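Undergrad: fold the following for me, if possible:
(one chain, ligands or ions: 1)
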Amino acid sequence: MRPLSLAGVIGLTSALLLAEDPANSVTIVSKHMPGDYDIEYTSPWAGANFMPMSFEENSRWERRTWPVLKKLAEEVPEAGIHFQRVQVYRRDKDIITGAASFDGLFVSNPWFGTLFDDYRELPPDELPPTASSGCEWTSVCINTAIYLPWLVGRCRRHGVVLKRAVLSHIREAKELHHTGRPADVIVNATGLLASRLGGVEDQSVVPARGQIVVVRNEVLPMATISGTEDGEKEVCYMMTRAAGGGTVLGGTYDVGNWDANPDPNIAVRIMKRCIELNPSLTGGKGIEALDIIRHGVGLRPYRKGGVRIEADRSILEDGTPVVHNYGHAGWGFQGSFGCAEKVVELVQAIQTQEKAKL
Ligand SMILES: Cc1cc2nc3c(=O)[nH]c(=O)nc-3n(C[C@H](O)[C@H](O)[C@H](O)COP(=O)(O)OP(=O)(O)OC[C@H]3O[C@@H](n4cnc5c(N)ncnc54)[C@H](O)[C@@H]3O)c2cc1C
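TA: Below is the predicted model of the structure:
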């Protein structure tokens, strides 16, 4: 088939798995490409690490992605992924008030307890003063500045052709296949911009604004906690990326906020919270000892009702199928391979239907 996809982590991973089948000839068309930093383009801003956010019933995407990222960390250093221990702390008050109830990461006895070989609950003497309970395991952290170009390289190795274009309506994608013949399936991996793309205009997609501070100080383990004292839009996490990618300090999860500018007051609170949770970040000193590389803001593609992965023949007038894969909020990297696998299944089903018509 002649699929056409887009160039965030979701579009690239979908394109890669489709292109592994030599019967497919894949084009990527995108407004932004790896190397760009733009508020409309989420993937470069991600941490990114693997801390499952799903509940058991929708864990397929993350469950299927973990073995692939683990293998890359073990065998493919050029992908920019390394193993890091992670500690997840819970505060009883966030669990009791339900403040953390949207996030499967903070439940006790989580489904992912059996996903990781070395998962364990933390004894009280290993918890920071602010936590009531917690767990740890060996996870991975991805340097997105290395990983996204690596995905591009893998795609090119499989014959994928990448082109720049801005689509105002999804039907325009059909005529952009590199063979000059029309694309016969379009993978819609437009992330946050699925809210604006003509023919899709999914109003349930909104930004979940994430402000970060990237510093040179290193931290181990990666860590997060279920809530903060600074309001429900403010969160706390930290991770040191592979291969000189710096340490990402976060953050915020502010649904509906499109502001691209880092707020200096929020930045101060982010740094203070991270040091409070792990004082070793600055060797016991204050935020003045943080060596800042940059401040940043990324907009997670949050979708009310969850991710959309399905085939849709109702958009294009001629019935050309569109396979949607957007709305991954804060878990696009850690769910990328599981979701791309589903895209391949949907494209195969379309192919079977087309053959049956002949
Ligand atoms: C601060 C922060 C921390 C995060 N941490 C993590 C983490 O630790 N782990 C994790 O798994 N995830 C994390 N995420 C979430 C993750 O970054 C997203 O889920 C993921 O990047 C979404 O990828 P995407 O490909 O759907 O969207 P995008 O990366 O935005 O890609 C969309 C693509 O579609 C193209 N496009 C859109 N509209 C058009 C159009 N009209 N014409 C042409 N091209 C178009 C864009 O140019 C772009 O190439 C984090 C996000 C943020 C902001």
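
Undergrad: what's near enough to touch the closest residue to residue 175 other than its chain neighbours?
TA: Spatial nearest neighbour of residue 175, chain neighbours left out: residue 182 (6.3 Å); criterion: C-beta to C-beta, 6 or more residues apart in numbering. Where you see a C-beta, it was placed from the backbone N, CA and C, and this is true even at glycine. Shown in contact with residue 182 (C-beta atoms under 8 Å, 6 or more residues apart in numbering): 2, 174, 175, 320.

Undergrad: would you mind listing what in the stretch 151-300 of the chain touches the ligand?
TA: Within the stretch 151-300 of the chain, the positions near the ligand by C-beta under 6 Å from any ligand atom are 165-167, 189-193, 197, 210, 212, 250-251, 298, 300.

Undergrad: kindly write the PyMOL command that selects the buried subset of these.
TA: Once 16 or more other C-beta atoms under 10 Å is used to decide burial, the buried members of those can be selected in PyMOL as follows:
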select buried, resi 167+189+190+191+192+193+197+210+212+250+251+298+300
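
Undergrad: which of the residues of the stretch 151-300 of the chain next to the ligand fall within strands?
TA: If you go by DSSP state E, these have 210, 212, 250, 251, 298, 300 in strands.

Undergrad: would a markdown table of those with distance to residue 122 be doable?
TA: Converted to a markdown table, these look like this (distance: C-beta to C-beta, whole Å):
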| residue | distance to residue 122 |
| --- | --- |
| 210 | 26 |
| 212 | 25 |
| 250 | 21 |
| 251 | 22 |
| 298 | 30 |
| 300 | 28 |
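
Undergrad: tell me the one of those residues nearest residue 79?
TA: When these are ranked by distance to residue 79 (C-beta to C-beta), residue 298 comes first, at 20.6 Å.

Undergrad: mind listing what the closest one touches?
TA: For residue 298, the residues meeting the contact criterion (C-beta under 8 Å, 6+ apart) are 39, 42, 44, 45, 46, 209, 210, 212.

Undergrad: would you mind giving those residues as JSON lines with pLDDT and distance to residue 28 added?
TA: Shown next, in JSON lines, are the contacts of residue 298 (pLDDT from 0 to 100; distance: C-beta to C-beta, whole Å):
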{"residue": "39", "pLDDT": "97", "distance to residue 28": "21"}
{"residue": "42", "pLDDT": "98", "distance to residue 28": "16"}
{"residue": "44", "pLDDT": "97", "distance to residue 28": "16"}
{"residue": "45", "pLDDT": "97", "distance to residue 28": "20"}
{"residue": "46", "pLDDT": "97", "distance to residue 28": "19"}
{"residue": "209", "pLDDT": "98", "distance to residue 28": "27"}
{"residue": "210", "pLDDT": "98", "distance to residue 28": "25"}
{"residue": "212", "pLDDT": "98", "distance to residue 28": "27"}
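
Undergrad: out of those residues, who has the most neighbours?
TA: residue 42 (27 neighbours; other C-beta atoms under 10 Å).

Undergrad: what's the separation between that residue and the ligand?
TA: Distance, residue 42 to the ligand, using C-beta to the nearest ligand atom, to the nearest Å: 4 Å.

Undergrad: buried residues in stretch 291-303?
TA: By neighbour count, and taking 16+ other C-beta under 10 Å as the criterion, the buried residues in stretch 291-303 are 295, 296, 297, 298, 299, 300, 301, 302, 303.

Undergrad: make a ChimeraX selection of the buried ones in the contacts of residue 182.
TA: Buried members of the contacts of residue 182, defined by 16+ other C-beta under 10 Å, are picked up in ChimeraX with:
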select :2,174,320
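
Undergrad: which of the contacts of residue 182 fall within helices?
TA: Secondary structure of these is defined by DSSP state H; no position falls in helices.

Undergrad: between the contacts of residue 182, which is nearest residue 154?
TA: When those are ranked by distance to residue 154 (C-beta to C-beta), residue 2 comes first, at 19.5 Å.

Undergrad: which residues does that closest one contact?
TA: For residue 2, the set of contacting residues under the criterion of C-beta under 8 Å, 6+ apart consists of 24, 25, 26, 27, 177, 179, 181, 182, 183, 184, 185.

Undergrad: stretch 339-355 near the ligand at all?
TA: No. Figure legend: stretch 339-355 not in contact with the ligand (C-beta under 6 Å from any ligand atom); closest approach 9.2 Å.

Undergrad: in that stretch, what's buried?
TA: Using 16+ other C-beta under 10 Å as the test for burial, stretch 339-355 gives 339, 340, 341, 342, 343, 344, 346, 347, 350, 351.
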